[in-house]
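[1] coords below, sequence missing:
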């Protein structure tokens, strides 16, 4: 196991790993411990009682965080015809058709989100092995395959994020930067957690949220009480 830095060890001494906190309390604690020279991201790591191997236990969707993520996403739109202008007017960074597909096949990946119109999915399908593992493949389920490209681009630019369980049943998402105010971080975290709770698959029985940790990019994890957090999002 890699040796932890003195900075990390000093922060770790301030955290009782056995103690559970309320969501806002945990966010405040992580924010107060921030000590790096760059603006770290605030991250939520939520382990769910789902088996991702079963299609009816997948948890994947999108939500717009009220205060964004603190990161301006570069949006690529694959479309044609009149939708090209619509995407450009909405603020898309890259717009094109098969030319962009070929460019991506050639190794270009300087973008953070991909939106495609349904009539282009035949050519976009060729990018499955490239975009899929990176979580960038357009999907109707997440609203990134649509003819309404203008609103789709605007939502991503405004702070729309995708959440999805990994193969271990854990969701990892950023809800802002440590430079955000405590209230901004709390509102973003509540919005994401509420969406995850609402997305509980009907096939899941027993405890849905198994564990919940808040941390920063270079920080120490602070454990959250899932029941307390659930109460906070409805209060």
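    Okay, I see it. Since the structure is predicted, the reported quantities are computational estimates derived from the model, not experimental observations.

[2] In this protein, where is pLDDT below threshold?
    Counting by pLDDT under 70, the chain shows low-confidence ranges at 1-16, 35.

[3] hmm, try it at 90
    1-18, 32-38, 71-72, 135, 141-142, 159, 162, 205, 217-220, 233-235 (pLDDT under 90).

[4] can you give me the strands in it?
    41-48, 60-64, 75-78, 94-96, 113-116, 160-164, 170-177, 209-216, 222-223 (DSSP state E).

[5] The first one: which residues count as buried?
    The neighbour-count criterion (16 or more other C-beta atoms under 10 Å) identifies 41-44, 46-48 as the buried residues of strand 41-48. The C-beta positions use only the backbone N, C-alpha and C, and glycine is treated the same way.

[6] how many other residues sit next to the nearest residue to residue 228 once chain neighbours are set aside?
    Among residues not flanking residue 228 along the chain, residue 22 sits closest, at 4.7 Å (C-beta to C-beta, 6 or more residues apart in numbering). Around residue 22 there are 15 other residues, counting by other C-beta atoms under 10 Å.

[7] and residue 22, what does it touch?
    224-225, 228-229, 232 (C-beta atoms under 8 Å, 6 or more residues apart in numbering).

[8] Please report phi then psi for it.
    Here is the backbone geometry of residue 22 (degrees, to the nearest 10): phi -70, psi 160.

[9] okay, the angle between the longest helix along the chain and strand 160-164?
    If you go by DSSP state H, the chain has its longest helix at helix 182-198. Angle, helix 182-198 to strand 160-164, by axes from the mean of the first three to the mean of the last three C-alpha atoms, to 10 degrees: 50 degrees.

[10] Helix 182-198: how far from the chain's middle?
    12 Å (C-alpha atoms, centre = their mean, to the nearest Å).

[11] do stretch 156-170 as well
    3 Å.

[12] which residues are contacting that stretch?
    45-52, 58-69, 72-73, 75, 90-91, 113, 115, 135, 142, 171-174, 192, 195-196, 210.

[13] Report the buried members of the residues you listed.
    46-48, 50, 52, 58-59, 61-63, 65, 67-69, 73, 75, 90, 113, 115, 142, 171, 173-174, 192, 195-196.

[14] Could you measure from residue 234 over to residue 105?
    To residue 105, residue 234 is 47 Å away according to C-beta to C-beta, to the nearest Å.

[15] Give me the more crowded residue out of these two.
    Set residue 234 next to residue 105 and count neighbours by other C-beta under 10 Å: residue 105 wins out with 12 against 8.

[16] So which residues of the chain form helices?
    Counting by DSSP H, the helices of the chain are 6-12, 23-33, 83-89, 98-105, 121-124, 128-131, 149-158, 182-198, 226-234.

[17] Tabulate those helices (TSV), appending distance to residue 206.
    Listed next are these as TSV, based on distance: least, C-beta to C-beta, whole Å:
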stretch	distance to residue 206
helix 6-12	32
helix 23-33	22
helix 83-89	44
helix 98-105	41
helix 121-124	37
helix 128-131	34
helix 149-158	34
helix 182-198	15
helix 226-234	13
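
[18] and of these, who's closest to residue 216?
    helix 23-33 (5.3 Å; C-beta to C-beta).

[19] picking that back up, orientation of the longest helix of the chain relative to strand 41-48 in degrees?
    Using the same axes, to 10 degrees: helix 182-198 against strand 41-48 is 20 degrees.

[20] With that, I have no additional questions.
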